[in-house]
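In: Let's see this in three dimensions:
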Amino acid sequence: MANPPGGLPQRTTVDAARTARMLSDARHATPFGQRVRAAPRPVIEESWERALRGGTHPDHDLRTGLLSREEVERRRGASPLRHVLPVLREGLVSVADAAHHIVLVADDEGRALWREGSAAVLRKADEVGIEVGTDWREDVVGTNGLGTPAVVRRPVQVFAGEHLSRALAAFTCAGAPISDPRDGRLIGVVDVSGPLETMHPATLAWVDSVAKLAEARLRELHMTSLERLRAVAAPILPRIGGRALVVDRDGWTAAVTGMPYVKRIALPKSPSGGRRWLPSLGLCSLEPLAGGWLVRAADEPVPGATRIVLDLALPRRWSVTVYGGAGSWTHELSPRHAELLYLLALHRTGRSAAALAEDMFGDPGRTVTVRAEMSRVRRYLGAFLEHRPYRFREDAEVEVLLPDDPRELLPHSTAPGVTRGRTSTQVP
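Out: All right, here's what the predicted structure looks like:
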């Protein structure tokens, strides 16, 4: 029988103890290039390689860098995961408690913010440092059920000896990422952990299903909030001449007048009332509304950009910043948009849709996908991009900040153009 994606090998349900020994052998032999009796699954082997390359030590103390109670509470209050805790608790905690498991929920930075479940397993977790506030990033702890799903962006089960950390070798974990349904950005990971002998083969599918229910709940909450904001906008927009729109606090559009509908606009990180320059609209006036902003376009020329900085130096913290005569603004990038802007920075004379499809997918025929993604990029960077071919404006100075280690350039990208960039001496 084929193994489920990211799941346990089938043999773990038959001879758990023997498999644990074999995988433990593989874990400790891998750094030295030794041959082993049981090769790790690709998702685990790749995780080990990433962690070891980053200097992760198998004896890392999980309590290192533990967050204070005050910082945990601050992060809880700021995390969108707080809105779906009832879904996660209802779907996971009661069953986990009965099955001698615990549930961990971490934010997008890999910090455990909530922990519930079996009292007996919680005591064992306390002994090794599996606590609220622990840092579960893969490059800190190594392969684990919170950090690894955050990197590969899919559900992963980490079987006892597959953990790089020796402290975690007694636990088997099944984790699934939770993404913002509005833009696909990672907002956290949920994990069920417990002793190997209590872990059912269907645990990974169960955790993934509950994570998807949480995403569905977030989508429902978003649509409800836009409906409320649309009701606020209804008596206002008909009285306004020119271009205007009402958006929520994150820039998602509830209603427009005098202009084509746009799904989202880029707002300043800390917007306030008054005249502001917005990348897709130019000079605008912002007026606060209950739950959002009224944005009126001034229909004045867009100021020229003096400098565009594409920051790819940190893992999963990619951004583009525009510095111009009207100030500066920053937009965080999804993995796909980081790839596209890197390729445009690498090829300043421009790329056709077919060339970008070749760079992205190794298939020049996938132009529809490229055009759709570039359309999304232009929603926030359109004033500084040209098309036919796609390129940055000639009068824009473009700077790219790269990681110190070229192998860490968008490390999880498989785009041929990015892969070539990791070995090229050419610097954008």
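In: going forward, measure contacts between C-alpha atoms and count neighbours the same way
Out: OK.
In: Now do the phi/psi pair for the spatially most central residue of the chain.
Out: By CA atoms, centre = their mean, the chain has its centre lying nearest to Leu186, at 2.9 Å. Taking degrees, to the nearest 10, you get phi -60, psi 130 for the backbone angles of Leu186.
In: who are the neighbours in contact with Tyr261?
Out: Ala255 (CA atoms under 8 Å, 6 or more residues apart in numbering).
In: Where does it sit, in terms of helix or strand?
Out: Using DSSP states H and E, Tyr261 falls within no helix or strand.
In: Quick check: it vs Ala231, distance?
Out: Going from Tyr261 to Ala231 by CA to CA, to the nearest Å gives 17 Å.
In: This protein: helices as residue ranges?
Out: Along the chain, counting by DSSP state H, helices occupy 16-29, 42-53, 69-78, 85-88, 94-98, 119-128, 138-141, 147-152, 203-233, 335-346, 353-361, 367-381, 416-423.
In: what helices or strands is the third one leaning on?
Out: Helices and strands in packing contact with helix 69-78 are listed as strand 112-117; criterion 3 or more CA pairs under 8 Å, 6 or more residues apart in numbering; DSSP states H and E.
In: by contact count, what packs against the strand it packs on?
Out: Going by 3+ CA pairs under 8 Å, 6+ apart, strand 112-117 lies up against helix 69-78, helix 94-98, strand 102-107.
In: Quick check: which of these is nearest to Thr56?
Out: Comparing those against Thr56 with CA to CA, the closest turns out to be strand 102-107 (19.7 Å).
In: Name the residues that touch the closest one?
Out: 79, 81, 92-93, 96, 112-118, 121-122, 136, 146, 187-194.
In: Return the set of buried residues in that strand.
Out: Across strand 102-107, burial judged by 16 or more other CA atoms under 10 Å covers 102-107.
In: and what of stretch 115-135?
Out: 115-118, 121-122, 125, 129-135.
In: Could you list the residues in contact with it?
Out: Contacts of stretch 115-135 (CA under 8 Å, 6+ apart): 61-69, 72, 93-94, 96-105, 110-114, 141, 167-168, 194-195.
In: Buried subset of the residues you listed, written for PyMOL?
Out: In PyMOL, this line selects whichever of those come out buried by 16+ other CA under 10 Å:
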select buried, resi 62+63+66+67+72+93+94+96+97+99+100+101+102+103+104+105+110+111+112+113+114+141+167+168+194+195
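In: Could you report the pLDDT at Lys124?
Out: At Lys124, the pLDDT value in this model is 92.
In: Okay, it and Leu66: tell me how far apart.
Out: 18 Å.
In: Next: Gly258.
Out: 52 Å.
In: Can you tell me which of the helices and strands packed on strand 112-117 is nearest to Val400?
Out: Going by CA to CA, the one of these nearest Val400 is strand 102-107, 27.8 Å.
In: and that closest one, which strands flank it?
Out: Strand 102-107 has the following strand partners under DSSP bridges: strand 112-117 (antiparallel), strand 186-195 (antiparallel).
In: Can you say which two of the buried residues of stretch 115-135 are spatially most distant?
Out: Across these (CA to CA), the longest gap, 21.4 Å, separates Ser118 and Asp135.
In: Report how many residues lie close to the nearest residue to Pro279 once chain neighbours are set aside.
Out: The shortest distance from Pro279 to any non-neighbouring residue, by CA to CA, 6 or more residues apart in numbering, is to Tyr380 (5.6 Å). Using other CA atoms under 10 Å, Tyr380 has 19 neighbouring residues.
In: begin at 506 from here
Out: Got it, the first residue is 506 from now on, which makes the last one we talked about Tyr885.
In: thought Tyr885 was touching Ala771?
Out: Yes. Contact status for Tyr885 versus Ala771: in contact at 5.8 Å, counting by CA atoms under 8 Å.
In: anything in contact with each of those two?
Out: Common neighbours of Tyr885 and Ala771, counting by CA under 8 Å, 6+ apart, are 784-785, 836.
In: what's around the closest residue in space to Arg735 that isn't next to it in sequence, how many residues?
Out: Closest residue to Arg735 apart from its sequence neighbours, by CA to CA, 6+ apart: Ala759 at 5.2 Å. Neighbour count of Ala759, defined by other CA under 10 Å: 26.
In: And for the one 4 residues further on?
Out: The burial metric for Gly763, expressed as a neighbour count using other CA under 10 Å, is 14.
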